[in-house]
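**Student:** build me a model from this:
(one chain, ligands or ions: 1)
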Amino acid sequence: MSERVVVTGAAGFIGAHLVRALLEAGYDVVGIDAFTPYYAPEAKRANLAELLGRPGFRLVDADLSTMAAKRLERLLAGAAAVVHEAGQPGVHLSWGRAFPTYLRHNVLATQRLLEACTRAGVSRLVAASSSSVYGDAPTYPTTEAAAANPVSPYGVTKLAAEQLCLAYARQPGAALSVVMLRYFTVYGPGQRPDMAFHRFILAALAGRPITVYGDGEQRRDVTHVSDAVSATIKAITAPAVDAVVNVGGGHPVTVNRALELIAQVTGRRLDVTYAPARAGDARHTGADGTRAEALLDWRPEVDLATGLAGQAAWIAGRVRPAIAADID
Ligand SMILES: NC(=O)c1ccc[n+]([C@@H]2O[C@H](COP(=O)([O-])OP(=O)(O)OC[C@H]3O[C@@H](n4cnc5c(N)ncnc54)[C@H](O)[C@@H]3O)[C@@H](O)[C@H]2O)c1
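**Tutor:** Model (predicted):
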């Protein structure tokens, strides 16, 4: 019988790619997702559409922060591992009135999952954390030993979730071991519609202006979703215990350089305007990949030009027809 992995946030951008890769690797998968309205739930349903009928996959429409504890415990019992991708993303919205939503989906949902993991005897939890926990890091590339000083409420909630995972794993006699993956800006087909590359490519294809916040010289370490997924799958069985691990593409790029590549892969001239930098953005991000290589035997493989071409093809094929009436 195949081993079973439970994936939370299974209908999201990274979660859906992960479910597909796990099924292809021979795992059975139980996906849990609440289809939160941060972006169109229909887009999340579309992420899973072609996976729903596959043998070995079951989707549970439920919210970790409110579902009955016993029900969650039953879903986790007997799983080889749990991968926790569910969360409330988006740095900029995390200021102000939306903060309770971040607390609920990033902190409370994680705490409830950890309680259920403990009761169900789960031995491995892999949890999605974020480069946002670093804020403006003291050094680049940044190692996991660097102090975490988030510059957004989102980053604070992701750091709190990391610390919760570690606290549960540290309990005397705990069966649970945790691996926290600090993803650095993940991109590729299916990228969330609020993320910069998605917005830039869509605007390029539609001939619309592009707004860059800041001078465009901020550097971002970006990670192709297939690389993020391969790191995540390695973390399921890695001997690493209670570790925090950077998952970055390894080649930080300025936003201006990324725009040049987007112009190349879309064959369009871009109409770029610059607006003041927004609260919550770190100036630069850059992952030191030494620990990922040592603990997960993982290194990124997809170069940015190839990855952007794939994302542009996906947007042209799937998103653009849906809004064709609007942009043509
Ligand atoms: N995409 C990135 O660049 C990036 C970078 C760093 C960290 N992360 C983290 O990776 C994870 C996945 O990110 P993504 O970009 O795929 O986001 P996403 O929004 O596409 O996916 C998250 C999914 O979780 C679900 N969800 C949210 N709260 C839930 C709850 N309480 N119960 C059940 N399901 C819930 C949502 O409906 C959504 O489908 C998140 O935890 C995010 O913080 C993402």
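**Student:** and the strands in the stretch 201-328 of the chain?
**Tutor:** Listed in chain order, the strands of the stretch 201-328 of the chain (DSSP state E, counting those that start in this stretch) span 210-213, 219-220, 223-224, 243-247, 253-254, 272-275.
**Student:** which of the ones you listed sits closest to the ligand?
**Tutor:** strand 223-224 (7.4 Å; C-beta to the nearest ligand atom). Where you see a C-beta, it was placed from the backbone N, CA and C, and this is true even at glycine.
**Student:** on that earlier part again, now tabulate the strands of the stretch 201-328 of the chain in a markdown table and tack on distance to residue 33.
**Tutor:** Shown next, in a markdown table, are these (distance: least, C-beta to C-beta, whole Å):
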| stretch | distance to residue 33 |
| --- | --- |
| strand 210-213 | 30 |
| strand 219-220 | 27 |
| strand 223-224 | 22 |
| strand 243-247 | 21 |
| strand 253-254 | 31 |
| strand 272-275 | 33 |
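**Student:** mean neighbour count and distance to the ligand for these - can I get that in CSV?
**Tutor:** Formatted as CSV, the strands of the stretch 201-328 of the chain follow (neighbours: other C-beta atoms under 10 Å; distance: least, C-beta to the nearest ligand atom, whole Å):
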stretch, mean neighbour count, distance to the ligand
strand 210-213, 16, 16
strand 219-220, 21, 10
strand 223-224, 26, 7
strand 243-247, 25, 9
strand 253-254, 16, 14
strand 272-275, 12, 21
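**Student:** tally of neighbours for the residue of the chain found nearest the ligand?
**Tutor:** Using C-beta to the nearest ligand atom, the single residue of the chain nearest to the ligand is residue 12, 1.9 Å away. Residues within reach of residue 12, counting by other C-beta atoms under 10 Å, total 29.
**Student:** mean confidence score for stretch 166-182?
**Tutor:** The average pLDDT within stretch 166-182 is 96.
**Student:** next: stretch 111-119.
**Tutor:** Here the average pLDDT along stretch 111-119 is 98.
**Student:** touching the ligand at all, it?
**Tutor:** No. Stretch 111-119 stays clear of the ligand (C-beta under 6 Å from any ligand atom), getting no nearer than 8.5 Å.
**Student:** and if you look at stretch 56-64?
**Tutor:** Yes. Under the criterion of C-beta under 6 Å from any ligand atom, stretch 56-64 makes contact with the ligand via 63, 64.
**Student:** in that stretch, what's buried?
**Tutor:** For stretch 56-64, a neighbour-count test (16 or more other C-beta atoms under 10 Å) marks 57, 59, 60, 62, 63, 64 as buried.
**Student:** now the stretch 201-328 of the chain, which segments are flagged as low pLDDT?
**Tutor:** Residue ranges of the stretch 201-328 of the chain with pLDDT under 70: 240, 320-328.
**Student:** re the thing from before, ok, which pair from the buried residues of stretch 56-64 is furthest apart?
**Tutor:** The two members of those with the most space between them (C-beta to C-beta) are 57 and 63, at 19.9 Å.
**Student:** surely residue 197 is in contact with residue 308?
**Tutor:** Yes. Proximity of residue 197 to residue 308 meets the contact threshold set by C-beta atoms under 8 Å, at 6.9 Å.
**Student:** shared neighbours, those two?
**Tutor:** 187, 258, 262 (C-beta atoms under 8 Å, 6 or more residues apart in numbering).
**Student:** what's near enough to touch the second one?
**Tutor:** When you say that, I think you mean residue 258. Contacts of residue 258 (C-beta under 8 Å, 6+ apart): 196, 197, 200, 220, 222, 304, 308.
**Student:** distance check, it against residue 213.
**Tutor:** 14 Å (C-beta to C-beta, to the nearest Å).
**Student:** same question, the first one
**Tutor:** Taking C-beta to C-beta as the measure, residue 187 and residue 213 are separated by 17 Å.
**Student:** wait, what's in contact with residue 150?
**Tutor:** By C-beta under 8 Å, 6+ apart, the neighbours of residue 150 are 132, 133, 134, 135, 156, 158, 159.
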